[in-house]
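*Asks:* generate a structure from the sequence data that follows.
(4 chains)
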2 protein chains.
Amino acid sequence: MTERSGRRPAAVVAVTVDLVIFTVRQDRLHVLLIERGNEPYLGRAALPGGFVRHGETLDQAALRELREETALDGRQLHLEQLHAYSEPARDPRGRIITVAYLALGPDLPLPVAGTDAAAARWTSLSSALDGGVPLAFDHAAILRDGLERARSQLEHTTVAAAFCPEPFTVGDLRRIYEAVWGFKLDPSNFRRKVTRTEGFLEPTGDRRVPEIGRPAALYRRGPASLLIPPLLRTGDVTLP
Amino acid sequence: MTERSGRRPAAVVAVTVDLVIFTVRQDRLHVLLIERGNEPYLGRAALPGGFVRHGETLDQAALRELREETALDGRQLHLEQLHAYSEPARDPRGRIITVAYLALGPDLPLPVAGTDAAAARWTSLSSALDGGVPLAFDHAAILRDGLERARSQLEHTTVAAAFCPEPFTVGDLRRIYEAVWGFKLDPSNFRRKVTRTEGFLEPTGDRRVPEIGRPAALYRRGPASLLIPPLLRTGDVTLP
DNA sequence: GTATTTTGAGTCAAGCTGACCTTTAGCTAG
DNA sequence: CTAGCTAAAGGTCAGCTTGACTCAAAATAC
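*Replies:* Numbering: from 1, shown residues only, chains lettered A, B, ... in the order given. Got it, this is the predicted structure:
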């Protein structure tokens, strides 16, 4: 910051973190939404989140909210900062800036009851985005940005594996991609791609026998984090 | 945010924006640094920036700072939000969160004198990052993140053209890539790539006669913003 | 005119992609 | 026991892109 700081009064604001927590259940992308128990937007659906406390970094606040809302410790899932939203009128209570985080995790245990959070539930992305479930504040825009980031991350990184409880099969992983991107992938070509990418998948040696079909080899997440080259070349993805 | 907001005291913080402004001069990447005229870090080099004012969005604050520091209107250059930095001890004056922005522009007119900003100057990335010019606050980390983002953006988008004053040649554009990425590209293959990417370059029909060498065709920026597929497949870039 | 420099076009082997086909391994129905 | 079903796993192949390379074109300097 510049020395201008001493002359103009600094705008003092409150800062929150909001979480876009994605998971895939029944082959469809879901987001964790809570029902607001206070004004404003009482009763409306919203992204989980809360105020940043004194002495806390944004990352720490996001991890704390994640733990409080989902009883997840955050060490098992992917968490990254998404964007800061600052429209002065975005919160009727006053000047509140929020920093959104994107979290990707396997089909998580449902949020614990009994916390001070109102009812939290997994909502399919289609219901959350088509206007059937109106969201509080600017959370619809945040959700759209989170979806866009998640789709991009799947193409360029190995985070898709964060959606899969270990161990998982190549088919499990492919269904993650299909749920997030919204279209089918060729199973054979997908397998060739992910198994040839060094460090993406580590075979456990075991197999899983499904109810129908041939048994599939099981894998763990490997050490690689980047997908080079990316998974697709045609970069257009359609909304669900 | 959740209803928890009403029970716990919200941490009230000041928010600043800091700008990582890159340009390419003499085939080398440069960043705009100011010399601090106030405590803390009096006399140290720092990224330009300042406090967000009341009723102002972060984007507006970043554009305003950009205008104040560089006399640029921001309509000609690329500006995007980079990351929010929130380490409680990052500013000795107290709890100050900063949202960093990345700006890419052509070799800009040097910052106007006479503003309340202290001396501002273009600093080569090598001097700014090798420790020869220690930066105030956590600005060294912000600068590294900005460089990483800029390198990634060049690979996946057409923002490299934002570094070039129009009209420009394919060689001009290639030298941008070489300066930001820190290695040479094959001129012939680079030309094939960028001219075949639909909407990247629009020929003006004119040519530019250089001091030495064959005249080069001139181009304007096209409407495309994404590079599909990306420019490289080997994704490793070395620091300057 | 010759040397030099940069642009611009072309060649070619190697590798990857997307589309498609075949086989394998388990289950279930009859 | 066999036939049929499903999904996994592996293979084929034309077409495209890439990276390395060569070569011609257009200007200036000497």
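*Asks:* from the middle of its chain, how far away would the longest strand along chain A be?
*Replies:* Criterion DSSP state E: the longest strand present in chain A is strand A:12-25. Here strand A:12-25 is found 9 Å from its chain centre; the criterion is CA atoms, centre = their mean, to the nearest Å.
*Asks:* for stretch A:172-190, same thing?
*Replies:* Distance of stretch A:172-190 from its chain centroid, counting by CA atoms, centre = their mean, is 18 Å.
*Asks:* quick one: contacts of it?
*Replies:* The contact list for stretch A:172-190 (CB atoms under 8 Å, 6 or more residues apart in numbering or on different chains) reads A:22, A:24, A:27-29, A:150-151, A:154, A:160-161, A:163-164, A:170-171, A:191, A:194, A:201, A:219, A:231, A:237-240. Bear in mind the C-beta positions are built from the backbone N, C-alpha and C, glycine included.
*Asks:* of these, select the buried ones using a PyMOL command.
*Replies:* Entered in PyMOL, the line below selects the buried ones among those, by 16 or more other CB atoms under 10 Å in any protein chain shown:
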select buried, chain A and resi 22+24+28+29+150+151+154+160+161+163+164+170+191+194+201+219+231+237+240
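*Asks:* ok, and which of the contacts of stretch A:172-190 reach DNA strand D?
*Replies:* Within the set of those, contact with DNA strand D (CB under 7 Å from any atom of the strand) is found for A:170-171, A:191.
*Asks:* all strands for chain A, in order.
*Replies:* Secondary structure of chain A (DSSP E): strands at A:12-25, A:28-35, A:45-46, A:49-51, A:78-85, A:96-104, A:120-124, A:201-208, A:216-221.
*Asks:* where among these is average confidence lowest?
*Replies:* Per-segment mean pLDDT for those reaches its minimum on strand A:120-124, at a mean of 91.
*Asks:* near DNA strand C, which residues of chain A?
*Replies:* Counting by CB under 7 Å from any atom of the strand, chain A sits next to DNA strand C at A:186, A:188-189, A:192-193, A:207, A:209, A:211-215, A:229, A:232-234.
*Asks:* rewinding a little: closest to DNA strand D out of the ones next to DNA strand D among the contacts of stretch A:172-190?
*Replies:* Among these, A:Gly171 lies closest to DNA strand D (CB to the nearest atom of the strand), at 2.3 Å.
*Asks:* what about the longest helix in chain A?
*Replies:* The longest helix of chain A (DSSP state H) is helix A:139-156.
*Asks:* contact partners of that one?
*Replies:* Here helix A:139-156 has contacts from A:18, A:20, A:22, A:29, A:31, A:46-47, A:82-83, A:85, A:98, A:100, A:102, A:104, A:125, A:128-129, A:134-135, A:159-160, A:176-177, A:180-181, A:226-227, A:230-232, A:235, A:237, using CB under 8 Å, 6+ apart.
*Asks:* for that helix, which positions count as buried?
*Replies:* Buried, per 16+ other CB under 10 Å, within helix A:139-156: A:139-140, A:142-143, A:145-147, A:149-151, A:153-156.
*Asks:* out of the contacts of helix A:139-156, which are buried?
*Replies:* Buried by 16+ other CB under 10 Å: A:18, A:20, A:22, A:29, A:31, A:46-47, A:82-83, A:85, A:98, A:100, A:102, A:104, A:125, A:128-129, A:135, A:159-160, A:176-177, A:180-181, A:227, A:230-232, A:237, out of these.
*Asks:* give the burial count for the closest residue to A:Gln81 other than its chain neighbours, as a bare number.
*Replies:* Leaving aside its chain neighbours, A:Gln81 sits nearest to A:Tyr101 (5.8 Å; criterion: CB to CB, 6 or more residues apart in numbering or on different chains). By other CB atoms under 10 Å in any protein chain shown, the residues close to A:Tyr101 number 26.
*Asks:* do A:Pro210 as well
*Replies:* Residues near A:Pro210, counting by other CB under 10 Å: 11.
*Asks:* and it, how far is that from A:Ala216?
*Replies:* Separation of A:Pro210 from A:Ala216 (CB to CB, to the nearest Å): 7 Å.
*Asks:* show the model's pLDDT score for A:Leu239.
*Replies:* According to the prediction, A:Leu239 has pLDDT 40.
*Asks:* swap in A:Asn38?
*Replies:* Reported pLDDT for A:Asn38: 88.
*Asks:* any idea how far it is from A:Asp91?
*Replies:* Applying CB to CB to A:Asn38 and A:Asp91 gives a distance of 12 Å.
*Asks:* mind checking which of these two has more residues around it?
*Replies:* Ranked by neighbour count (other CB under 10 Å), A:Asn38 and A:Asp91 place A:Asp91 first, with 21 against 15.
*Asks:* nearest residue to that one other than its sequence neighbours?
*Replies:* A:Phe137 (6.1 Å).
*Asks:* burial measure for the one you found, as a count.
*Replies:* 24.
*Asks:* that one against A:Arg90, yeah?
*Replies:* Yes - applying CB atoms under 8 Å, one finds A:Phe137 in contact with A:Arg90, separated by 5.8 Å.
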